[in-house]
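Asks: next one to model:
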Amino acid sequence: MIIEQLYTGCLAQGAYYIESNGEVAIIDPLRETQQYVNKANKSNAKIKYILETHFHADFVSGHVDLAEKTGAKIVYGPGANTNYDIHCATDGEELKLGEITIKVLHTPGHTLESVTYLLKDENGKDHAIFSGDTLFLGDVGRPDLAIKSDLTKEDLAEMLYDSLREKIMPLSDDVIVYPAHGAGSACGKNLSKETVGVLGEQKQTNYALRADMTKEEFVKEVLDGIAPPPQYFAKNAIMNKMGYNAFDEILKTGNTSLSPEEFEAIANSESALVLDVRPQAEFIKGHIPNSIFIGLNGQFAPWVGALITDIKQPILLVVPEGKSEEAVTRLSRVGYDNTLGYLKGGIDAWVASKKDIDTLESISAEEFSDIAKKANINILDVRKDGEYKSMHIENAQHFALDYINEQINEVDSKRTYYVHCAGGYRSVIAISILKSRGFHNLVDIAGGFGAIKKTDLKTTDYVCPSTL
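Replies: Here you go, the predicted model:
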């Protein structure tokens, strides 16, 4: 028996390859599926099952493409309805894979069709669970993502409480837990950095598995502090349910090189968004006017999904040398399939064609500190709510990047703003979006709050409001 976790850091997502006696199951595959086919071929094995733990909201699964390539059966939990052929498993159903057995445990709560797959080894012993978004290490799945459901998040939270206590917690402490996500995923709020654990440890440390926890306490705690889901979540869930265009075709179109003239013509004729995915230092030094920066070296796909509201938006790419295929692939993972090509020769070719170029003003934290101490200035802190509350510059305006599209009217195009995040990645994203919408008096603070803390500029710690 072989179990391999195939973890993708950008999405904080774990797919799984399971092999026994020449038969393979893939759990929650990514959009680019050839990797699974190659792995099975290398072992002279056949992919028999594609097991989906639920309709994923945070990425587009590769299940449809993989089934087309291999003839493997797509398996979902009870009640799943799709526009393509699946096996809708029943609660307790057992699937044979070589010399092992995979038992389907219906665990609704995160979504209605959510299942946990219990792997029994060659001797019939419970060996591991593939818990999807039902159970994470340190947390459980958020119960507010079910698409087209008449149930409230409170109803789903109650279901999740029952699923955990009736299906998962009775299992042996030595059962290995393989979750669908780790730290960084928006599918939970307290996920561990670890991506593999054991159930006994979770029973001891996971707040949601406390033995003495009432259902009312569970509902309150699991819903407390959940941020609104990114706007692309519902769109990805629908794609996973309804199907999508083949990834190979998406890659073929998106990975097309374009001369500066062709690039500019398509940008104008198709109203395409120019997405610059180079490191932020390069974008600061020079970029195409009105282009948006979201660098590949950060949480690229989730930020694209959170900030580009039209999932069908035509996109043109400015990429580092040799990174076009990676960029198109990572866009497709979150359903942005309408990439029309990339700039051949990059920004150097654009400059050589004598086309317009723009830059960003960026200053060091020390320079910023000197300015802030001498004058009353406008500061935008684009970090997340928890980061801002933990510590921030005195009098800084909180302007979380996650909600920039909703908060755009909170800034004044006539004022100059000094913009920072934690390390410098998100601030450049924010500035690029603001500049594309007519805000030009913007200054980036290099190194972000991490660098600012090393100066003597006054900061404010968050003080919890008194309950007296």
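
Asks: from here on, just use CA atoms for contacts and neighbour counts.
Replies: OK.

Asks: which parts of this protein belong to which domain?
Replies: The record's domain parsing of the chain by automatic domain parsing lists 2-235, 245-352, 361-461.

Asks: tell me how far the first one lies from the chain's centre.
Replies: In other words, domain 2-235. Distance of domain 2-235 from its chain centroid, counting by C-alpha atoms, centre = their mean, to the nearest Å, is 16 Å.

Asks: just the endpoints, please. Distance across that domain?
Replies: End-to-end distance for domain 2-235, by C-alpha to C-alpha, to the nearest Å: 34 Å.

Asks: and if you look at the last one?
Replies: End-to-end distance for domain 361-461: 29 Å, by C-alpha to C-alpha.

Asks: repeat for stretch 434-448
Replies: Terminal residues of stretch 434-448 lie 18 Å apart, using C-alpha to C-alpha.

Asks: buried set for it?
Replies: Across stretch 434-448, burial judged by 16 or more other C-alpha atoms under 10 Å covers 434-435, 439-448.

Asks: now for those: which two are most distant?
Replies: F439 and G447 (21.9 Å; C-alpha to C-alpha).

Asks: now stretch 286-299: buried residues?
Replies: Neighbour-count burial for stretch 286-299 [16+ other C-alpha under 10 Å]: 286-288, 290-296, 298-299.

Asks: now do stretch 252-261
Replies: In stretch 252-261, counting by 16+ other C-alpha under 10 Å, buried: 253-260.

Asks: elements contacting the one helix or strand V37 maps to?
Replies: Using DSSP states H and E, V37 sits within helix 34-42. When contacts are defined as 3 or more C-alpha pairs under 8 Å, 6 or more residues apart in numbering; DSSP states H and E, helix 34-42 packs onto strand 46-51.

Asks: so which residues make contact with the strand it packs on?
Replies: Here strand 46-51 makes contact (C-alpha atoms under 8 Å, 6 or more residues apart in numbering) with 22-29, 37, 40, 63, 66-67, 70-76, 97.

Asks: can you tell me how far the residue lying farthest from the centre of the chain is from E367?
Replies: Relative to the mean C-alpha coordinate of the chain, counting by C-alpha atoms, centre = their mean, the farthest residue is K374 (40.8 Å). Separation of K374 from E367 (C-alpha to C-alpha) stands at 11 Å.

Asks: V304 too?
Replies: Taking C-alpha to C-alpha as the measure, V304 falls 31 Å from E367.

Asks: how about the residue farthest from the centre of the chain, phi and psi?
Replies: phi -100, psi -20 (degrees, to the nearest 10).

Asks: number the residues from 691 up from this point.
Replies: With the count now opening at 691, the last piece we talked about shows up as K1064.

Asks: contacts for the one helix or strand D755 maps to next, please.
Replies: According to DSSP H and E, D755 maps onto helix 753-760. Under the criterion C-alpha under 8 Å, 6+ apart, residues 718-721, 723-724, 727, 737, 740, 742, 762-764, 774, 933-934, 936-937 lie in contact with helix 753-760.

Asks: next one: stretch 998-1006
Replies: 921-922, 925, 953, 957, 960-965, 995, 1025-1033.

Asks: I'd like the distance from it to the chain centre, please.
Replies: With C-alpha atoms, centre = their mean, you get 17 Å for stretch 998-1006.

Asks: now that stretch: buried residues?
Replies: 998, 1001, 1003-1006.

Asks: just stretch 910-928 next, same as before
Replies: 912-913, 919-928.

Asks: quick one: end-to-end distance for it.
Replies: End-to-end distance (C-alpha to C-alpha), stretch 910-928: 28 Å.

Asks: one more: stretch 834-853?
Replies: End-to-end distance for stretch 834-853, by C-alpha to C-alpha: 16 Å.

Asks: how far away is the nearest residue in space to D1071 that is not next to it in sequence from N1131?
Replies: Excluding its sequence neighbours, the residue lying closest to D1071 (C-alpha to C-alpha, 6 or more residues apart in numbering) is H1088, at 4.9 Å. Going from H1088 to N1131 by C-alpha to C-alpha gives 18 Å.

Asks: again with K763
Replies: Distance from K763 to N1131, by C-alpha to C-alpha: 55 Å.

Asks: and for K1063?
Replies: Counting by C-alpha to C-alpha, the gap from K1063 to N1131 is 20 Å.

Asks: can you tell me the average pLDDT over the helix or strand harbouring A705?
Replies: A705 is part of strand 703-710, with elements assigned from DSSP H and E. Mean pLDDT, strand 703-710: 97.

Asks: what do you get for stretch 1140-1158?
Replies: What stretch 1140-1158 shows for mean pLDDT is 74.

Asks: could you do stretch 894-912 as well?
Replies: Averaged across stretch 894-912, pLDDT comes to 96.

Asks: what are the contacting residues of it?
Replies: Residues from elsewhere that reach stretch 894-912, judged by C-alpha under 8 Å, 6+ apart: 827-830, 832, 844, 847-848, 851, 854-855, 859, 892-893.

Asks: and that stretch, which residues are buried?
Replies: For stretch 894-912, burial by neighbour count (16+ other C-alpha under 10 Å) applies to 896-899, 908-909, 912.

Asks: how about stretch 1036-1055?
Replies: Under 16+ other C-alpha under 10 Å, the buried positions of stretch 1036-1055 are 1036-1037, 1040, 1050, 1052, 1055.

Asks: stretch 828-847 now?
Replies: Buried residues in stretch 828-847, counting neighbours by 16+ other C-alpha under 10 Å, are found at 828-837, 843-844, 846-847.

Asks: repeat for stretch 1098-1107
Replies: In stretch 1098-1107, counting by 16+ other C-alpha under 10 Å, buried: 1101, 1103, 1106-1107.

Asks: please apply the same query to stretch 755-763.
Replies: 755-757, 762-763.
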